[in-house]
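Engineer: Next one to model:
(2 chains, ligands or ions: 2)
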Amino acid sequence: MSDILVAEGVGKKFGGFVALKAVSVRFAQNKLAAIIGPNGAGKSTFFNVISGAFPASSGRVSFEGHDITGLPPHEYARRGIAKSFQITNVFPQLSAHENVRVAAQMQKTRYNLWTPRAAIRELIEEADHLLERVGISAKRHAVARDMAHGEQRCLEIAMALACKPRLLLLDEPTAGMSPEETIKMMDLIVTLAAERTVILVEHKMKLVMGICEQLVVLHHGELLAQGTPDDIRANEEVRRVYLGQGKY
Amino acid sequence: MRAHRRAGLVVSEVNTRQGAGRNLIDAIVRHRVAATIGFLIIFPWFVPYHTLAINILIWGLFALGFNLLYGYAGLLSFGHAALLGVGSYGCGIVIVHFGWPWYVAIICGILFASAVAAVIGFLAIRTRGIYFSMVTLALAECVYYLFYKWESVTGGENGLRGINVSTINLFGFEINFLDPVNKYYVMLGVVAIALWLFSRILASPFGAVLETIRENDARAAACGYNVANTKLMAFVLSGAFCGVAGALRALHLSTVPVEVMQISTSGDVVMMALLGGFGTFFGPFIGAAVFQLFGDALTLWTTHWQLYLGATFVVFVLFFPRGIWGSILHWLRVAKP
Ligand SMILES: Nc1ncnc2c1ncn2[C@@H]1O[C@H](COP(=O)(O)OP(=O)(O)OP(=O)(O)O)[C@@H](O)[C@H]1O
Ligand SMILES: [Mg+2]
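Structural biologist: Ligands and ions are numbered 1, 2, ... in the order given. Next up, the predicted model:
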């Protein structure tokens, strides 16, 4: 099995502060992987670098064998990498349906000034289908801003799916969700991972232990350990980091 | 942009909620081009004199073009005076120096304004927020200076004179263009085409991308849209519509006063768009009408009319950030039936 995403010596500095120190990780194709670690470990920073939100200060990232380091953010989506952010990031004043429709539209047309949106039926249907898939089709006409937090998280995943990604990146998809919503979301993620590579960031270790095939543990901006859930469970250093936190 | 969103300045015209008593508004919003043209057809008969109606028509179109950038793409330009001015000069220069027909001159005005918009936009889109506004302002001042100094072509500080179009031939009919009523309706024909194109753009996939950039440009980029290119294109399109307004203004005044390029023009258009309602289709015309009628009425009894206008502007910013038309739409939609 080949690797879909390879990070080599990825580092990130914010001013003088080193948030990430030379992290090298390979993610296997069509697997569900998770990046875990305590608060402030650098998970989101690493996530943002591999998803193109901001460039790395050092190191290289390649996707499907091509170097994607330093490409502008929109190139990531066009090459097949889609994401949902840790802090919900949707188009607040647009309807749920339009949020997804416009995300799907990128595949088809970007500078068309002429055809009415309403006439492009396939995008409308695709948006309907994706809303259904993430379980919020009842909110089709709701303005994104007025939706419940959990629904907005689902909406963002539908938007990411609309990019038809081969690699789906999710930063704490269950953040701020109720226990029931969390279970539903985890189920959804497992079904999504059956069709493509999914990498998620999570700080609640026990949430991902049961479902992931690969775990990457970050701590103080460094790669602490990586491997299967069993490897990680047995790892002494990981135990020490999480000790007393009751997180697993 | 965040402030923009928080203040709820933008009214989505797409998602009209259901309910009684809103049918008229719904119909107006759905048939926005026809409704706006219908309004503009009867409008001159409700204002004190026809020349004022022509002014309002032109400023309304100018505000419409400005609104494409701020109301729909979220980019606040303080340099739109240059686009109106270049549209006027583009139209005037080819009439005065080459004797080209008026309709070709309008197209030249559009091309000139779009080209200048491309240059200003290219340099300004690299910046965000207040810096964007400042860069557009500074570049517009440069354009003003250039046209001011380029006396042989633009007439310098005396302005460009001699744009004399007294009769025009329309489908075989000789029309006396000096008659304000004729002039108004000929110009309304041009404005109607502009409105129709504008509405098409808003309804198009590109219009959807503009909205995403206003809403959240990081998300737009994550969806795969090239934010910089889209902004540049919005700037050029805005320039094209302002160019039409500029060209019509040159035909209307028979001259291009160089003062049109001064910073106050850029400020006036922001005020008109705000008075009418940012991000609404019909708002710019309402804003232009209120601005001009107000100014016209106030000048009769006070020389300090700009003071009152400024005060009105402040009241709107503080209490009615949606503007007149935006507030009407909002009230009718959220009010309990
Ligand atoms: N834009 C930034 N500027 C400066 N420092 C930052 C920035 N983003 C993150 N940091 C710092 O980098 C460190 C790692 O942050 P990061 O967001 O990657 O952590 P995380 O593992 O995602 O934590 P959490 O579980 O809270 O989401 C933190 O100390 C944070 O304060
Ligand atoms: Mg984080």
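Engineer: In three-state terms, label the residue of chain A positioned farthest from its centre for me.
Structural biologist: Seen from the C-alpha centroid of chain A, the residue lying at the greatest distance (C-alpha atoms, centre = their mean) is A:Trp114, 33.7 Å away. Here A:Trp114 is recorded as coil under DSSP: H, G, I helix; E, B strand; the rest coil.
Engineer: for it, what are its contacts?
Structural biologist: When contacts are counted by C-beta atoms under 8 Å, 6 or more residues apart in numbering or on different chains, A:Trp114 is found next to B:200, B:204. All C-beta atoms are positioned from the backbone trio N, CA, C, and that covers glycine.
Engineer: Over to A:Gly11?
Structural biologist: With contact set as C-beta under 8 Å, 6+ apart, A:Gly11 has these partners: A:18, A:20-23, A:56-59.
Engineer: Between these, identify the one with the most neighbours.
Structural biologist: Neighbour tally across the contacts of A:Gly11 (other C-beta atoms under 10 Å in any protein chain shown): the maximum, 27 neighbours, falls on A:Leu20.
Engineer: quick one, what contacts that residue?
Structural biologist: A:10-12, A:42, A:45-46, A:49, A:56, A:221.
Engineer: Need the buried ones from the residues you listed selected in PyMOL.
Structural biologist: Here is the PyMOL command that picks out the buried ones among those, judged by 16 or more other C-beta atoms under 10 Å in any protein chain shown:
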select buried, chain A and resi 10+11+12+42+45+46+49+56+221
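Engineer: Please narrow the contacts of A:Leu20 to those residing in helices.
Structural biologist: A:45-46, A:49 (DSSP state H).
Engineer: Just grab the bridge partners of A:Leu167 for me.
Structural biologist: Note on A:Leu167: beta-bridge partners by DSSP bridges are A:Ile81, A:Thr197.
Engineer: coming back round to it: adding pLDDT, write the contacts of A:Leu20 out as a markdown table.
Structural biologist: Shown next, in a markdown table, are the contacts of A:Leu20 (pLDDT from 0 to 100):
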| residue | pLDDT |
| --- | --- |
| A:Val10 | 96 |
| A:Gly11 | 96 |
| A:Lys12 | 96 |
| A:Gly42 | 95 |
| A:Thr45 | 96 |
| A:Phe46 | 96 |
| A:Val49 | 95 |
| A:Ala56 | 94 |
| A:Gly221 | 94 |
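Engineer: Of the contacts of A:Leu20, just say which sits nearest to A:Val102.
Structural biologist: A:Val102 lies nearest to A:Val49 out of these, by C-beta to C-beta, at 25.9 Å.
Engineer: Need the phi and psi values for A:Cys212.
Structural biologist: For A:Cys212, the backbone dihedrals (degrees, to the nearest 10) come out as phi -90, psi 150.
Engineer: Could you check the pLDDT of it?
Structural biologist: pLDDT, A:Cys212: 93.
Engineer: Now that it has come up, it's in contact with A:Ala34, right?
Structural biologist: Yes: contact status for A:Cys212 versus A:Ala34: in contact at 4.5 Å, counting by C-beta atoms under 8 Å.
Engineer: one step back: between the ones in helices among the contacts of A:Leu20, which is closest to ligand 2?
Structural biologist: The shortest approach to ligand 2 among the ones in helices among the contacts of A:Leu20 belongs to A:Thr45, at 7.8 Å (C-beta to the ion).
Engineer: Do you have the strands of the chain handy? List them.
Structural biologist: Reading this off chain A. Along chain A, the segments classed as strands by DSSP state E run A:3-14, A:17-28, A:32-36, A:58-63, A:66-67, A:81-84, A:167-171, A:197-202, A:214-219, A:222-227.
Engineer: wrong one, I was asking about chain B
Structural biologist: B:160-161, B:167-170, B:173-176, B:255-256.
Engineer: To ligand 1, which of the ones you listed lies closest?
Structural biologist: strand B:255-256 (49.1 Å; C-beta to the nearest ligand atom).
Engineer: ok so, going back, for the contacts of A:Leu20, which one is nearest chain B?
Structural biologist: A:Val49 (13.9 Å; C-beta to the nearest C-beta).
Engineer: residues in contact with that closest one?
Structural biologist: A:7, A:10, A:12, A:20, A:55-56, A:61.
Engineer: Try it again at 10 Å.
Structural biologist: A:7, A:10-12, A:19-20, A:23, A:42, A:55-57, A:59, A:61, A:69 (C-beta atoms under 10 Å, 6 or more residues apart in numbering or on different chains).
Engineer: how about the nearest residue to the residue in chain B that chain A sits nearest to, chain neighbours excluded?
Structural biologist: With C-beta to the nearest C-beta as the measure, B:Gly224 is the residue of chain B nearest to chain A, at 3.2 Å. Spatial nearest neighbour of B:Gly224, chain neighbours left out: A:Ala77 (3.2 Å); criterion: C-beta to C-beta, 6 or more residues apart in numbering or on different chains.
Engineer: From what I see, the one you found and A:Leu168 are in contact.
Structural biologist: No: with contacts counted by C-beta atoms under 10 Å, A:Ala77 stays clear of A:Leu168, the gap being 11.4 Å.
Engineer: near ligand 2, which residues of chain A show up?
Structural biologist: Residues of chain A lying near ligand 2 by C-beta under 5 Å from the ion: A:43-44, A:86.
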